[in-house]
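Engineer: A structural model of the following input is requested.
(3 chains)
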Amino acid sequence: MSEVVVSIHDLVKRYGEKLAVDQFSLEVEKGEILGLLGPNGSGKTTTINCLLSLLHFDRGDIQIFGKNMKPEAFDLKKRIGVVMQNVAVVDTLTVEENIDFFCGLYVHDKKERKQLVDDAVEFTGLSEHRKYKPKKLSGGLLRRLNIACGIAHKPELIIFDEPTVAVDPQSRNAILEGIRKMNEKGATIIYTSHYMEEVEELCSRIVIMDHGKNVVAGTAAELKASLKNRETIHISLRKALTEEELQGLREINHVYDVRETKGELVIRCDGGEHNLVHIMNYLEEKQIHFGRVTTELPTLNDVFLEVTGKELRD
Amino acid sequence: MFGHVFIYQMKQLFRQKWSIGWNFCFPLVLATVFFFGFGNLIKEDPDVFKSVEVGYVNETSQEDTLFEQLLDGLTEVDEDSDRDNPLLILHEMTADEAEEKLKAGEISGYYLETTGADSTGADSTEALAKSSAKVGTEAFTEVSTASTETDIKLKITENGIDATILSQVLKSYQNSESMVKRVMEEHPENIQTVMDELTNDNQDFISQKVFNKNVAPFVNYFYALLAMASLFGSWMCTAMLQGMCANMSERGKRFECSPTNKMTAVFAGLLACTILQGLADTIVILYINYVLGIHFGGNLLVVIALSFLASAMGISCGALIAAICKSESLLIGVPIAFSMICSFFSGLMVGNIRAIVEQKCPFFNRINPAAVYVESIYRFCNYGADQKFWNSVIIMVCMTLGCVVLSSLFLRRRSYGSL
Amino acid sequence: MVVYKALLKTIKGKMTSLIIYFVVFAVFGSIVARQNSKSMDSMFEAHQVVIALVDQDDSELSRGIAEAFSQMDKIEKVKASTEDDLKKLNDNVRFDIYDDAILIPSGFEANVLAGHESGAEFLSKGQSASSTLMYTKFNTFVKNVTIYMNAGFSETEAIVNATDDMEKAEPEIEMVKANDKTGHSLMAVMYAFMAYSMMMILSIGIATIISSIKKKDLMARITVSPMSSFRQNLEQVLAITTFGLVVLLAMILVVCIFLGNEADYSKIWYYSINSAALMVVGISFAFFLGTISQDEGVIELVSNMVFLGMSFISGVFVTRDFMSESVLKVAHFLPVYWYVSGTEQIDTAKVSEIWGSGLVGSLVMQLLFALLFMGAGFVVARKKERYVL
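Structural biologist: Alright, predicted model coming up:
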């Protein structure tokens, strides 16, 4: 069994009357990339801040590398890197100076630090922008600088709090690639994001939070498998179906939901591998004319929406 | 760690445009403006007594009346006196000329001497033969002929010190007349003694005590300017601390996640701010002294050392403000307000406000950092390093340490209730 | 009036700064007004000096001196036994709490009667006029006492006689109306002082409004709305004008409250018209500043530098009597100079002659400056638009 790097046990945090984190528990194993998902206000950032000892919490236990995490636990903080949601750099320092400054808070040896800074600049693709100040960087480059400042000291545990917000696709790919490389080199990563495809692509394990609780956890495949809906088939119709015909469709194996709206038939199946064939056969049999047919497999977004509810939260 | 944070704080501070603007340029601009605004005060001290320009119109039948002789005496400087210039500058003229010059403001007033209504002309008494008012000048020579009584009127355009001096001259003349009459009535045997003494100028019953080093009063404005400049360091400090506290900025969050002793870093930052502010103050002091040519009146090194202490005080006040205020607009507004209000009450706008406050509410002068600083420079430059100077220095040190200790209590925490 | 209301609300964020400048005006303005004002009198009134008296002799003669001086001046008896007390007294004289201080040492009477050095000293600001006056009176009185005593009168009689002589002496003094006298009434001084605070408040408040209008996203949002540009601009102008008028009225109210019944209100409308002209200058300068920079720190810095500087060399804080000709010539190029000139013209002239006193010229000059700043602001704004879009 892999070493547990982060252990959060029954964490409770209140802001006055509001319960932001409600007995939340989490374990992160060494070498994994854990995705922490949740709608706005679910308690993700609060949990991260408690983990980093920036916020004091009401109840619970947080351990990192097997030790209790405290504000003055400098030996633990040395091994942690943080990439904030908002860009946290110094406007009056150049790219190189920013990285050097923040790295210097972790690494005191000048020679060692110089090498680390150079590596970080190289790693994040900022070599051509060393002497630029943050004002002169584009959004994507600024995010890369933000990352560089957080990982320059080569930490063992890195926490990314929505690092690709407002970033163009090219920069986003570069960032994700970088994160993968860090993980390959041995870093354990906690990654929060609203972009499902990123999380699905990157994370080995996913935890979904809502109302301060751990709602569901598992790999992407496990989470999708937990959904009732395994396949959704869309068929465009020329004319509306009768109730009898709809009922007939419902009786097909694995079909659990059939709806027709505005000339489109939506059929949901809870399993099976040849659902489309059976449905096509039925339509042909009944001589029902149809147009375009598309089929969708469930995504993480579906998992997210199903476990957290479809309402739009703040 | 200390060195690393210190160096980077210095870099950040030097590159902040507004800190260079406020802390370096603004005091220089204001000093220059003061210099031009006070202009003549620097060349000619308005408190130096200027002889009163006065006219004299003689419409009596006498050519040289007693009163005119008295006035002539007052146009000369007594060698033994402390005065550098005579009391009066006398212009003899006709009545029309006098009226014209008076209305035009060329003279402060004029005396019109006419033959008195009761004068008989033929009657003579020796009583008013020699009269003078001793006003610190050489007396006129005695006139032995009997005088005729005359009426003397003083004409002026406005009340003020010059008018009062002119009226006082006339009063002194009338005093002497009354005295002689009284002695003539009650002790006529001693009238000669009285005459002799009236003509004796060699007695000063009071002399001026010069206390300080004659530093011109307007220099106080420049002391207040230095105080304001030092207190400007307070918002340099609030900006610096924003980058170290998680509840103030994202940079602060990143900083607090790091394995850095926060108080070490804060002190490094405070030192950087103090050095920068002290440097700014030093430049202002040197500019005022060497470029504008205004001398503070004391050893420049001591003045510079005091400014460094005042800078430390301003910075530490900023630290306390940052420890208490959380909102961004307050972090800009409160230090500015604090600096300006304290500076105004140390004499930046109304030169003697500090003295007025000292009369009405001296406690306020002890807790106003700008006033304490101005007091220390003022004492040193005017009286030397006396007890009150050291009291002011001690107060500044205590304020600095007190603010640092108090702000440390707030700032040292690394964990918050909310962010 | 959505834009109008929204813009006025943006000023709320600067309330702290604005209130501070108001308080500065109220407190310091009334102090300066009371200190620097002098009235045009029709009758002679002897200039009353405030003299601190330290009497360590407590003799008949020293008490007689106090009595004689108190007829004409204000005497405050103080104790000063230590060096520090004397320094404090000296400071009070330097900073105009007292005009002079007289120090009568122990043994003064005995020394005077014996014909020795009396030991009495006075403290004053250099060789000031008030010290000359005080010196003259002191010597006259003590000399008269000694002369009376030498003439055969007793000490008590001598003091009474000398005091009586001083009291009885009533020279005939006539006040003549001068050609051109500057009065510096309470109202004039306080209105002059208004210049700095009003300009600062207008500058900060209006620059805040304008810089919020200029924010790119906000501008875009307003532009795509169905509100016509004419309406948008009109509401912006209305918001700015409303703020300016509120500030002006508030300051006039402050003048009335702090001067109370002491001041003469017959010319208040004229002073207010002059201030309204300065308000227009303040608005246009703020507009110019707001187009150059949207940074609050820069706005406050530039405003302070410009207005404090202007105020010092235009005669707001330091009267023009003390300024050199060359400085005053340069000050002609500043709007605040013309405002202060307007204040003086109103103060000096009779109510019926105010419009002919040169006030119109001062108002025109201020409005010209306002046009200049407005024009400069438009040019800058235009150039910025061209390059940004």
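Engineer: name the element residue A:98 belongs to?
Structural biologist: helix A:95-104 (DSSP states H and E).
Engineer: now what about that helix, what contacts it?
Structural biologist: For helix A:95-104, contacts defined as Cβ atoms under 8 Å, 6 or more residues apart in numbering or on different chains pick out A:89-90, A:93, A:113-114, A:116-117, A:120-121, A:126, A:129-134, A:137, A:145, A:148-150, A:152-153, B:4, B:8, B:11, B:254, B:258. Just so you know, the C-beta spots here come from the backbone N, C-alpha and C atoms, and that holds for glycine as well.
Engineer: just the buried ones from the residues you listed, in ChimeraX syntax?
Structural biologist: This is how ChimeraX selects the buried members of the contacts of helix A:95-104, with burial counted by 16 or more other Cβ atoms under 10 Å in any protein chain shown:
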select /A:89,90,93,113,116,117,120,121,126,129,133,134,137,145,148,149,150,152,153 /B:4,8,11,254,258
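Engineer: give me the subset of the contacts of helix A:95-104 lying in strands.
Structural biologist: Among those, none falls in strands (DSSP state E).
Engineer: let's verify the nearest residue to residue A:4 once chain neighbours are set aside: helix, strand, or coil?
Structural biologist: The shortest distance from residue A:4 to any non-neighbouring residue, by Cβ to Cβ, 6 or more residues apart in numbering or on different chains, is to residue A:27 (5.3 Å). Look at residue A:27: counting by DSSP: H, G, I helix; E, B strand; the rest coil, its state is strand.
Engineer: and stretch A:139-158, does that touch chain C?
Structural biologist: No. Residues of stretch A:139-158 contacting chain C under Cβ under 8 Å from any Cβ of the partner chain: none, with a closest distance of 15.2 Å.
Engineer: quick one: distance of that stretch to the chain centre.
Structural biologist: 17 Å (Cα atoms, centre = their mean, to the nearest Å).
Engineer: list the buried residues in that stretch.
Structural biologist: Buried residues in stretch A:139-158 (16+ other Cβ under 10 Å): A:140-158.
Engineer: please enumerate the strands of the stretch 51-200 of chain C.
Structural biologist: Assigned strands in the stretch 51-200 of chain C, in chain order: C:74-77, C:100-104, C:121-124, C:172-175 (criterion: DSSP state E, counting those that start in this stretch).
Engineer: how about those strands in TSV, adding mean neighbour count and distance to chain B?
Structural biologist: Formatted as TSV, these follow (neighbours: other Cβ atoms under 10 Å in any protein chain shown; distance: least, Cβ to the nearest Cβ, whole Å):
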stretch	mean neighbour count	distance to chain B
strand C:74-77	14	11
strand C:100-104	24	7
strand C:121-124	23	4
strand C:172-175	16	5
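Engineer: redo the ones you listed as TSV? Include distance to chain A and mean pLDDT.
Structural biologist: Output for those, formatted as TSV (distance: least, Cβ to the nearest Cβ, whole Å; pLDDT from 0 to 100):
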stretch	distance to chain A	mean pLDDT
strand C:74-77	57	90
strand C:100-104	55	91
strand C:121-124	53	88
strand C:172-175	66	80
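Engineer: mind checking which of these is nearest residue A:246?
Structural biologist: strand C:74-77 (107.2 Å; Cβ to Cβ).
Engineer: that closest one pairs with which strands, parallel or anti?
Structural biologist: Sheet pairing for strand C:74-77, assigned by DSSP bridges, gives strand C:50-55 (parallel).
Engineer: just want the most central residue of chain B.
Structural biologist: residue B:217 (3.0 Å; Cα atoms, centre = their mean).
Engineer: which secondary structure element contains it?
Structural biologist: Using DSSP H and E, no helix or strand contains residue B:217.
Engineer: thought it was touching residue C:93?
Structural biologist: No. Look at residue B:217 against residue C:93 with Cβ atoms under 8 Å: they stay out of range, at 10.3 Å.
Engineer: overlap in contacts, these two.
Structural biologist: In contact with both residue B:217 and residue C:93: residue C:125, using Cβ under 8 Å, 6+ apart.
Engineer: where do the strands sit along the stretch 101-250 of chain B?
Structural biologist: B:109-115, B:150-156, B:207-208.
Engineer: ditto for chain A
Structural biologist: Under DSSP E, chain A gives strands at A:4-15, A:18-29, A:33-37, A:59-64, A:67-68, A:80-83, A:157-161, A:188-192, A:205-210, A:213-218, A:231-237, A:255-261, A:264-269, A:290-296.
Engineer: I'd like those laid out as CSV, including mean pLDDT and distance to residue C:204.
Structural biologist: Below are those laid out as CSV (pLDDT from 0 to 100; distance: least, Cβ to Cβ, whole Å):
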stretch, mean pLDDT, distance to residue C:204
strand A:4-15, 94, 35
strand A:18-29, 93, 38
strand A:33-37, 93, 45
strand A:59-64, 94, 47
strand A:67-68, 94, 50
strand A:80-83, 95, 38
strand A:157-161, 94, 37
strand A:188-192, 95, 41
strand A:205-210, 91, 45
strand A:213-218, 90, 49
strand A:231-237, 90, 60
strand A:255-261, 88, 58
strand A:264-269, 89, 60
strand A:290-296, 90, 58
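Engineer: so for residue C:67, which of these sits nearest?
Structural biologist: strand A:4-15 (75.8 Å).
Engineer: helices or strands up against the closest one?
Structural biologist: Strand A:4-15 is packed against strand A:18-29, helix A:44-51, strand A:59-64, strand A:188-192, with contacts defined by 3 or more Cβ pairs under 8 Å, 6 or more residues apart in numbering or on different chains; DSSP states H and E.
Engineer: ok, now with 6 Å
Structural biologist: strand A:18-29, strand A:59-64 (3 or more Cβ pairs under 6 Å, 6 or more residues apart in numbering or on different chains; DSSP states H and E).
Engineer: who touches the longest one?
Structural biologist: The list of residues contacting strand A:18-29 from outside it, by Cβ atoms under 6 Å, 6 or more residues apart in numbering or on different chains, reads A:2, A:4-13, A:34, A:43, A:46-47, A:212-214.
Engineer: next one: the shortest one
Structural biologist: Contact with strand A:59-64 is made by A:6, A:7, A:8, A:9, A:10, A:11, A:12, A:51, A:69, A:76, as judged by Cβ under 6 Å, 6+ apart.
Engineer: hmm, 7 Å instead?
Structural biologist: A:5-12, A:50-51, A:69, A:76, A:157 (Cβ atoms under 7 Å, 6 or more residues apart in numbering or on different chains).
Engineer: in that strand, what's buried?
Structural biologist: A:60, A:62, A:63, A:64.
Engineer: ok, stretch B:343-361 next?
Structural biologist: B:343-358.
Engineer: and for stretch A:239-259?
Structural biologist: Per 16+ other Cβ under 10 Å, stretch A:239-259 contains these buried residues: A:241, A:245, A:248, A:249, A:252, A:254, A:255, A:258.
Engineer: cool, and stretch B:12-30?
Structural biologist: Neighbour-count burial for stretch B:12-30 [16+ other Cβ under 10 Å]: B:12-13, B:15-16, B:18-19, B:21-24, B:26-30.
Engineer: and if you look at stretch B:269-289?
Structural biologist: B:269-282, B:284-285, B:287-289.
Engineer: which among the residues you listed are in contact with chain C?
Structural biologist: Checked against chain C using Cβ under 7 Å from any Cβ of the partner chain, the buried residues of stretch B:269-289 give no members in range.
Engineer: inside helices: which ones of the residues you listed?
Structural biologist: B:269-282, B:284-285 (DSSP state H).
Engineer: residue A:219 - nearest residue in space that isn't next to it in sequence?
Structural biologist: Residue A:219's closest residue in space is residue A:205 (Cβ to Cβ, 6+ apart), at 5.8 Å.
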